[in-house]
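K.L.:
Provided below for reference: sequence and predicted model.
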Amino acid sequence: MSPQPDSSPAPSLTKVETHGVDRIPDADRSASPLDLFRLAFGGANTFSTCVLGAFPILFGLPFWQGLAATLLGVVVGALILCPMAVFGPVNGTNNAVSSSAHLGVHGRVVGSFLSLLTAIAFFSISVWSSGDALVGGAHRLFGLERHDVTYGVAYALFAGLVLAVCVYGFRFMLFVNKVAVASATVLFLLGAIAFAGDFDPSYAGVFTDSANAATDALFWPSFIGAALIVLSNPVSFGAFLGDWSRYIPASTPRRRVVGAAFLSQIATLLPFVFGLATASIIAKKAPEYVDPAAPDFVGGLLAVSPGWFFLPVCLLALIGGMSTGTTSLYGTGLDFSSVFPRLSRVQATVLVGVLSIAFIFVGRFGLNLVQSISTFATMIITCTTPWMVVMILGFYVRRGWYDPEALQVFNRRQRGGRYWFAHGWNWRGMTAWWVSALVGVLFTNIPGQFVGPLGDLANGVDISLPLSLVVSAVLYLAMLRLFPEPRAVYGPEGARLARTVDTPVPPITGPGAPAGETALPDPSAPSRA
């Protein structure tokens, strides 16, 4: 029987998305790996990424060493991130729900917590940086007075605009990012022309030949710290990648999906290097703006920009901030609609958005959290990377096989199923996550901001990331060997690198469950996605 052509019209941009974290029907999966690239790159091809790109200079590094730290952070982060793209097409849902298979039906709330933490951080960075740029540009162009009221109005308007796009959902967000990718890229290239005459790649930073021994001793801590700040950007997408890739058909070759995610982060070298290069210019022409005690990259950029580039800076702040803000906020609202079932996707998005906006105002005008971006970003890496390792290794040992119905047990307020484990918790994955995250926190070393109890054991170098990566991988695989999971959680081809036991698995019960079900289907019955 030959397939019938799909004559259904494409969904309208202004039609509010109704899908929550339930499995996206095959008929509604019309996205492509290119769309995933646009969303992931568009969410990072922004002004807030430029702010993160300035940190190597703020840490005192010379330009070339700062570029090396940036390359290291982007490439390592992209390699860690890209496998997380496969869960969406395979399971048709977001990554937090997919984590039920490895952390348990209830343990999936870890992913929800991480997405909330990340969303607040990067939504705040985008609103702060974009709002500051808009007010600063308006001051230079039209003489607008800069004070708390004008900044507050700019933050509120910009945050409200981002929230509106997130309420409409995936299609509208995809449209915004399609525009953002092209326009922001053009504006960054235009910026390269604007600053070409002032750029000096020989910028030496504080680690010069005449630097004293105390300063020289800070080089490697500063280099690693700068690389970790950069790495936090790709890692921050780990909890969100499935929000977008779930619209990609399951039949799409996985290498294309993984490749799109990887290349989207490599492409972010454009805004990162723009931030790095312009920060080196600011450090030479207006050094007061890169004072580590009170850095102001946005103000410094406006101070050294030629007059004709003020308007492009404002456009870059608006377009890029929209892209970062929507990709950060959309996924968290989506996920919390399942954590709190009384809330629809729209209601959960509005709730998370309002809470984030409140955090933005308290942080900007009350606690001055702008200066603690590096600490917040490092904590995101420390908590999220071990979770991603458990997910990626779990996918490998399961050979990419999942039971879509069992993944939805938590969202439907049911009980039982293949991923019920011990009262809804898979303590194997949970233990690997929290132990490695704790190890990362203990060994964190951010000079002047946060140093863990064991942070000085490596002569001031932050080794939290490699330690948490190794501990999570070794511990998780060891747990799977020492404490085998039920055979039912694996597909027809069985486990890889893990042992299994023939432990009975409780049937799914509760709202919507088949009446009278007493046993699970044979694992070989569902087709491998």
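P.N.:
Alright, I've got the coordinates. Numbers count the residues shown, from 1 in each chain.
K.L.:
any idea how far residue 67 is from residue 229?
P.N.:
14 Å (Cβ to Cβ, to the nearest Å). From N, CA and C alone the C-beta is placed, and that goes for glycine too.
K.L.:
By mean pLDDT, flag the weakest helix or strand of this structure.
P.N.:
helix 310-339 (a mean of 72; mean pLDDT, DSSP states H and E).
K.L.:
Show me the strands in this protein, by range?
P.N.:
For the chain, applying DSSP state E gives strands covering 445-446, 450-451, 485-486, 500-501.
K.L.:
Distance from the chain centre to the second one, please.
P.N.:
It stands for strand 450-451. Put simply, strand 450-451 sits 23 Å off its chain's centre (Cα atoms, centre = their mean, to the nearest Å).
K.L.:
circling back: which one, of the strands of the chain, ends up nearest to residue 132?
P.N.:
The closest of the strands of the chain to residue 132 is strand 445-446. By Cβ to Cβ, the value is 23.2 Å.
K.L.:
Identify the contacts common to residue 67 and residue 229.
P.N.:
Counting by Cβ atoms under 8 Å, 6 or more residues apart in numbering, the shared contacts of residue 67 and residue 229 are residue 56.
K.L.:
burial measure for residue 43, as a count.
P.N.:
Neighbour count for residue 43, taken as other Cβ atoms under 10 Å: 33.
K.L.:
you'd agree it is up against residue 324?
P.N.:
Yes: using Cβ atoms under 8 Å, residue 43 is in contact with residue 324, at 5.5 Å.
K.L.:
can you list the weak-confidence ranges in the stretch 201-350 of the chain?
P.N.:
When residues are selected by pLDDT under 70, those of the stretch 201-350 of the chain lie in 292-294, 325, 327-328, 330-335, 337-338, 341, 345.
K.L.:
how much space between residue 106 and residue 414?
P.N.:
On the measure of Cβ to Cβ, residue 106 and residue 414 end up 12 Å apart.
K.L.:
what does residue 458 give?
P.N.:
The gap separating residue 458 from residue 414 is 47 Å, by Cβ to Cβ.
K.L.:
Tell me which of those two has more neighbours.
P.N.:
residue 414 (20 against 16).
K.L.:
Run a quick neighbour tally on the closest residue to the more buried one other than its chain neighbours.
P.N.:
Nearest non-adjacent residue to residue 414, counting by Cβ to Cβ, 6 or more residues apart in numbering: residue 510, 3.4 Å away. The local packing of residue 510 (other Cβ under 10 Å) involves 12 other residues.
K.L.:
do the same with residue 22
P.N.:
When neighbours are defined as other Cβ under 10 Å, residue 22 has 16 of them.
K.L.:
need the contact list for it.
P.N.:
Contacts for residue 22 (Cβ under 8 Å, 6+ apart) come out as 93, 408, 411.
K.L.:
of all those, which comes closest to residue 313?
P.N.:
The shortest gap between residue 313 and any of the contacts of residue 22 belongs to residue 93, at 38.9 Å (Cβ to Cβ).
K.L.:
gap between the closest one and residue 103?
P.N.:
15 Å.
K.L.:
Repeat that for residue 123.
P.N.:
For residue 123 relative to residue 103 (Cβ to Cβ), the value is 25 Å.
K.L.:
Same question for residue 437.
P.N.:
Going from residue 437 to residue 103 by Cβ to Cβ gives 13 Å.
K.L.:
Compare these two and say which is more crowded by neighbours.
P.N.:
Counted by other Cβ under 10 Å, residue 437 and residue 103 do not tie: residue 103 has more neighbours, with 29 against 23.
K.L.:
which residue sits closest to that one in space, ignoring its chain neighbours?
P.N.:
residue 429 is the one closest to residue 103 (Cβ to Cβ, 6+ apart), at 4.5 Å.
K.L.:
Just the pLDDT for the one you found.
P.N.:
With respect to pLDDT, residue 429 scores 96.
K.L.:
which residues touch it?
P.N.:
99, 102-104, 107, 390, 394, 476, 479.
K.L.:
swap in residue 134?
P.N.:
154, 158, 314, 317-318.
K.L.:
farthest-separated two in these?
P.N.:
Greatest spatial distance in these: 158 and 314, 11.6 Å, computed using Cβ to Cβ.
K.L.:
Neighbour count for the two, which is higher?
P.N.:
The neighbour comparison of residue 158 against residue 314 (other Cβ under 10 Å) goes to residue 158, with 23 against 20.
K.L.:
That one and residue 40, how far apart?
P.N.:
Relative to residue 40, residue 158 is positioned 22 Å away (Cβ to Cβ).
K.L.:
hang on, the earlier thing: I'd like the strands of the chain as a markdown table, with mean pLDDT and distance to residue 208 appended.
P.N.:
Below are those laid out as a markdown table (pLDDT from 0 to 100; distance: least, Cβ to Cβ, whole Å):
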| stretch | mean pLDDT | distance to residue 208 |
| --- | --- | --- |
| strand 445-446 | 78 | 23 |
| strand 450-451 | 80 | 26 |
| strand 485-486 | 94 | 56 |
| strand 500-501 | 94 | 59 |
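K.L.:
and residue 339, which of those is closest to it?
P.N.:
Smallest distance to residue 339 across the strands of the chain (Cβ to Cβ): 24.7 Å, for strand 485-486.
K.L.:
Packing partners of the closest one?
P.N.:
Packing partners of strand 485-486 (3 or more Cβ pairs under 8 Å, 6 or more residues apart in numbering; DSSP states H and E): strand 500-501.
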